[in-house]
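>>> quick one, fold the following:
(chains A and B)
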Amino acid sequence: MEPSNTNHESRYWKSLREYHNDPASADAKAHEFAKGVTDEFDVNTLSPMSRKQFLGALAASAAFAAAGCNSYRDKGEIVPYNKKPEEITLGVANHYASTCTGCAEACGILVKTREGRPIKVDGNPDHPVNKGSVCAQGQASILNLYDPERLKDPMLVSSGILTKTTWKVADTKLIAAFTAAANQKKEIALITHSLTSPSLTKLLGEFAAKYPGAKHYAYELFDGGARQSAWTKSTGGTALPVIAWEKANVVLAVESDFLGYDGNLPEQTRLFASRRDVMKGKNFNRLYSADATMNSTAMNADHRLRVRPDRQLAFVLSLLNEVRPSAQTSAYSLSAFVKENGLDDAVVKQLVNDLKANAGAAIVHAGDTMPEAVHIAVNLLNAALGNDALYRRDQAKHGYAPLIDAEQWSALVARMNAGQVAAVVHVDTNPVYHLAPDLGYADALKKVDTVVTLAELQNETTAVSSFVLPLNHTLEGWGDHQTRTGVLSLQQPVIAPLYNTRQKEAALLIWTAGNPDGYNETLYHDYVMARWEKEVYPAQKAKAGFKAFWLSALHDGVIATNDAAPALPAAKMDVVSTLKNTAVNGTVLALTKNYFVGDGRYANNGWLQEMPHPASKIAWDNYAALSPATAKSLGASEGSMVSVTAGSRSLALPVHVQPGLADDFVAVQLGYGRNVSGSVGENVGFNASVLLSKSDTTAPYTVGGVTLTLTGETYLLASTQEHHALDDTFLKDIHKKRGIIQEGTLAQYAEDPAFLEKEHSDLTIVPRVTYDGVKWGMAIDLNKCTGCGVCTLSCNAENNIPVVGKEQLHKGREMTWIRIDRYFSGEPDAPTVSNQPMLCQHCDNAPCENVCPVVATTHSPDGLNQMAYNRCVGTKYCSNNCPFKVRRFNFFDFRDDFAGGVQYEEPLPLMHNPEVTVRSRGVMEKCTFCVQRIMEGRQHAIEKGEEFTGAGVTVACQEACPAEAIVFGNVNDTTSKIHQYRKHSIGYRVLEEINVGPNVTYIAKLRNTDPV
Amino acid sequence: MKKTTIDTGRRRLFARFGLGALSAGILSALPFRSTAAKAKRTGDTTISVTIDPMAVKRTNKG
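Residues are numbered from 1 along each chain as shown, chains lettered A, B, ... in the order given. Below you'll find the predicted structure:
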């Protein structure tokens, strides 16, 4: 599994077909376009019309069309403001600070608006946790605001039919229902996701005081409950610690995807990547991953150990026994574990040595899907090594009500069935979809008199509710959020609600007040402001008055509070005796999170559905991932349908053969298979929640004793992994490795920083152009890049990229301007993974520019490869010539072609960035280095009368990258970062030897694999 | 003066073109909309873009 030592001697492969030299794979690489895209035509089927006749008919029809063209698609009335709002300057963006509520991390966001419309979501640079970046879901959340299929009006069931009503009618009926429930001493169940808001917490308390019998339940599909309860059991404390990842010399991820979906991705990625910075020296951290699922963290690991989830407890206890032998752990022998599980003994020995040598400067981290026992073992291992030194003393996680556990769910369902629950209010939750079917939650709801669901979109729970109330989007509402001690952020609306929707908090306030006429648009704003004035402001001891303090807090989006982190408790090592080995025989199923659609809430978000999975590169589906060996023993191949059976639960899924997965193991992502969503998200993938069981209380996401049975059917999985394959050999008679990925080890770099340098050839048949002024260039540090894909989502939002759908994606027609190419090297069972963001290289000798017959693609004086969309006639010669395969062609008007033209439905076109052309059918497009941002920077310099040096211009992908792996700027500015990166000793250009002169420098990945 | 004749093929071409132009002229006088432009899809809800007056914008991007 060890990576290659030199870049040119290793062999990289993107798929198993390529690894096994499947002719189909070689054929795919040799052809620009997939089969079927440019089919040959049969001459005999051509029309008998002669060429002259054809031209005559063409001229006649052109005359017809010209006469009838009295209305162009893009013709509309552009009317300047009659009364311009004070805040708006036409053509100039405004920014608002707010908070994302997409998950329980509550990252600070900065929202860019144009003419009152939010068009881009980025991280708030002032927020101390995420510091200017958000995850992929945060970037894509702008599309949810303008989703044409959002719920627009309140609805209630009348004569068995869901009919539109008014808020007043709904509130009146609900207040009466809640009052009756309180009088009858029956329960009102309020079901929310994890709480992050102190104001909402207070409001829920007031609701419960108004209606005794009201109980609040918070849940998540993947809850951190195991981590929380484990912390309490192993230390006695309640506040989870915050880890100082940047101080860890060694990290062991135990089925943890801290670089993916476990925890706060922007913060963890930034801190981890800060220790992989070649500009700051060679003090790299070392990452070990013990996992089965080939997650994002595993793909970035320096060393990887394939360990099934049911064996993780034994693994961690074995390590604990090595570090601090005791009678309670003596049964767990590491050498025996290594032998039983076929692990690399040398790697395990190095792991133990590293943990011991870096005691107090290492961290062992377990993922959210791990059971409580594994978390306890990990806490004890960290304590034994003194790694609690890396738990921050100045900050801890701010907890709210604990999440509901399986027993409490069962008890609630029993009370519902017994008629003891008069009302259930789903506050932006979808438990009918999320919960294990054998819990019987959907059936129990039928026994409840009043079922209310507040949601943004139709979902499986609204489908069985008697009241469906539409909610504001995050960007339309007020709130405050605290997930860490010492940090309190505000949420403010950047646009007034587009529809007749309300905030969930405003609805609760009306019901608490018992006054259906009491609503006004500032209801919750006033509530939050009053709480801040009474509780937050006095504790701040601010010198300014409250009003100034409040406005300042809204401006910044976040304030530092004085609540201190509680003292870190010591671990109780004797808890280890309560831990029982969880290993099972047979095949094990792991139900995992997915990277983009979340718990299913983003199923109707086309950008997120279209993002390829970091490992499999499959989009628009989930699947049963099997290792090559397991698939072979089963007789399964890519796309074979397999029935995954766990006891009485069964689901048929397509197989994906995933290099690097553990053997006798199957991984299935949750969050797919929604059957009530929208036109984008319905029936995408398979609902794996059916494999959950209410009985699996200790390890709900790991199911043992699973059987896999081929059904004989096949299913098409759309994958991008063989798209845009870069030819290794440019000419058939020259067999030369192209060095697309160049890597080494940290030890090689330490010994000789120039170990990757080679002679550069300057041969060219065209005169070199000298760029004396600003010349744009980019550098991507592959040491920091984790392949998370946030850059892609940011580019999508910035540049109005359309969603094309599964069918077109399968044909290689995805329209993303930046993609993450994922390469494997080594053996399929345990490969090494290399990620490489690929975008237009803006080549100095661009081969695309020379071949355009209509000069639609040209080169700018500042080094950009430009596209003139209205010149392009769609010959696709430029795309054919591009060696990097980064040009995207609009084969259709994809916005019109996909999902019944939903991307043209109002108000979705409001989402478009007005600075970027919305392309239509028949034109080529590609990365422009965010030329609109460059022009904005140039304009500012002109306004100030300054020379434009390019400083301060950031492109969308660079701005979004949580690892800060992308550097962009003026390469002629010797003080700029890009200038330093371009001349770095391990910087290289892809396909440099063909002399196209790419302007994207990649910093070679250094793997920290050698012993110190 | 030599009489100029237009060959049959070319005559037919001009005839078709002339017919097309004539039709175009007639059609342009008729009050109907061609299919060249796609009608914008709108729901039955009026959407207005309004800024919340209580929101505070940033003075700088940060």
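
>>> show me where chain B has helices.
B:8-29 (DSSP state H).

>>> oh, that last question was meant for the stretch 201-350 of chain A, not what I typed.
If DSSP state H, counting those that start in this stretch is used as the criterion, the helices of the stretch 201-350 of chain A fall at A:225-235, A:265-273, A:296-299, A:312-323, A:334-341, A:345-357.

>>> could you dump those helices to TSV with mean pLDDT?
Below are the helices of the stretch 201-350 of chain A laid out as TSV (pLDDT from 0 to 100):
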stretch	mean pLDDT
helix A:225-235	93
helix A:265-273	98
helix A:296-299	97
helix A:312-323	97
helix A:334-341	96
helix A:345-357	96
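
>>> between the ones you listed, which one is closest to A:A34.
helix A:296-299 (25.8 Å; CB to CB). In this view, the C-beta of every residue, glycine as well, is placed from N, C-alpha and C.

>>> quick one: residues in contact with the closest one.
The contact list for helix A:296-299 (CB atoms under 8 Å, 6 or more residues apart in numbering or on different chains) reads A:253, A:256-262, A:287, A:289, A:291, A:304, A:595, A:614-615, A:660, A:786-788, A:822, A:833, A:835.

>>> so which bits of the stretch 401-550 of chain A are right by chain B?
Counting by CB under 8 Å from any CB of the partner chain, the stretch 401-550 of chain A comes close to chain B at A:478, A:492-496, A:498-499, A:521-522, A:525.

>>> most neighbours of all those, which one?
A:V494 (28 neighbours; other CB atoms under 10 Å in any protein chain shown).

>>> state the distance from the most centrally placed residue in chain A to A:L46.
Taking CA atoms, centre = their mean, the centroid of chain A lies closest to A:A136, which sits 3.5 Å from it. Taking CB to CB, to the nearest Å as the measure, A:A136 falls 48 Å from A:L46.

>>> repeat for A:T917
Counting by CB to CB - A:T917 and A:L46 are separated by 36 Å.

>>> those two: who's more crowded?
The neighbour comparison of A:T917 against A:L46 (other CB under 10 Å) goes to A:T917, with 18 against 8.

>>> okay, the more buried one: pLDDT?
A:T917 carries a pLDDT score of 95 in this model.

>>> also B:K38?
We have a pLDDT of 44 for B:K38.

>>> also A:E32?
72.

>>> let's verify A:T429: helix, strand, or coil?
Following DSSP: H, G, I helix; E, B strand; the rest coil, A:T429 is assigned to coil.

>>> for it, which non-adjacent residue is closest in space?
Distance criterion CB to CB, 6 or more residues apart in numbering or on different chains; nearest residue to A:T429, sequence neighbours excluded, is A:I191 at 5.2 Å.

>>> quick one: contacts of the helix or strand harbouring the one you found?
Element membership for A:I191 (DSSP states H and E) is strand A:187-192. For strand A:187-192, contacts defined as CB under 8 Å, 6+ apart pick out A:178, A:181-182, A:204, A:207, A:211, A:213-219, A:412, A:415-416, A:420-429, A:431.

>>> show me the domain layout of chain A.
Domains of chain A are assigned by automatic domain parsing as A:155-223+A:401-540, A:241-396, A:587-719.

>>> tell me who's in contact with the residue nearest to A:P914 when sequence neighbours are not counted.
In space, and not counting its chain neighbours, A:P914 is closest to A:R114: 5.6 Å by CB to CB, 6+ apart. For A:R114, the contacting residues are A:93-94, A:913-914, by CB under 8 Å, 6+ apart.

>>> which stretches of chain B have low pLDDT?
Applying pLDDT under 70 to chain B flags the ranges B:1-6, B:29-45, B:62.

>>> for the residue of the stretch 151-300 of chain A found nearest chain B, which non-adjacent residue is spatially closest?
Residue nearest to chain B within the stretch 151-300 of chain A: A:K152 (5.4 Å; CB to the nearest CB). Take A:K152 and drop its neighbours on the chain: the residue closest to it by CB to CB, 6+ apart is A:Y499, 4.0 Å away.

>>> A:Y12 too?
What sits nearest to A:Y12 in space, not counting adjacent residues and going by CB to CB, 6+ apart, is A:Y823, at 4.3 Å.

>>> isn't there a strand covering the one you found?
Yes - counting by three-state DSSP, A:Y823 is part of a strand.

>>> for it, name its beta-bridge partners.
A:S834 (DSSP bridges).

>>> contacts only, for it.
Taking CB under 8 Å, 6+ apart, we find A:Y823 in contact with A:12-14, A:740-741, A:833-836.

>>> save the residues you listed as CSV, and put in neighbour count and pLDDT too.
Shown next, in CSV, are these (neighbours: other CB atoms under 10 Å in any protein chain shown; pLDDT from 0 to 100):
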residue, neighbour count, pLDDT
A:Y12, 23, 79
A:W13, 18, 82
A:K14, 23, 82
A:I740, 21, 87
A:I741, 21, 87
A:V833, 22, 91
A:S834, 25, 91
A:N835, 21, 94
A:Q836, 19, 95
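
>>> and those residues, which is closest to chain B?
Within the contacts of A:Y823, proximity to chain B (CB to the nearest CB) peaks at A:N835, which comes in at 28.6 Å.

>>> give the contact list for the nearest residue to that closest one once chain neighbours are set aside.
Using CB to CB, 6+ apart and skipping residues adjacent in sequence, the residue nearest A:N835 is A:G787, 3.4 Å away. Going by CB under 8 Å, 6+ apart, A:G787 touches A:296, A:299-300, A:614, A:820, A:822, A:833, A:835.

>>> 10 Å - rerun?
A:259-260, A:296, A:299-300, A:614-615, A:820-822, A:833-837, A:963, A:965 (CB atoms under 10 Å, 6 or more residues apart in numbering or on different chains).

>>> how close does it get to A:E751?
To A:E751, A:G787 is 28 Å away according to CB to CB.

>>> and if you look at A:N515?
On the measure of CB to CB, A:N515 and A:E751 end up 76 Å apart.

>>> out of those two, which sits in the more crowded spot?
A:N515 (13 against 9).

>>> the more buried one and A:K210 touch, don't they?
No - using CB atoms under 10 Å, A:N515 is not in contact with A:K210; the gap is 11.5 Å.

>>> shared neighbours of those two, anything?
Overlap of the contact sets of A:N515 and A:K210 (by CB under 10 Å, 6+ apart) consists of A:I175.

>>> surely A:G874 is in a strand?
No - assignment of A:G874 by three-state DSSP gives coil, placing it outside any strand.

>>> list phi and psi for residue 54.
Using chain A. Phi and psi for A:F54, reported as degrees, to the nearest 10, are phi -60, psi -40.

>>> and it, how many neighbours?
Neighbourhood size, A:F54 [other CB under 10 Å]: 11.

>>> what does A:D973 give?
15.

>>> what does A:A619 give?
What A:A619 shows, counting by other CB under 10 Å, is a neighbour count of 22.

>>> per-residue pLDDT, it?
Confidence at A:A619, expressed as pLDDT, is 97.

>>> before we move on, what about A:A248?
What the model reports as pLDDT for A:A248 is 98.
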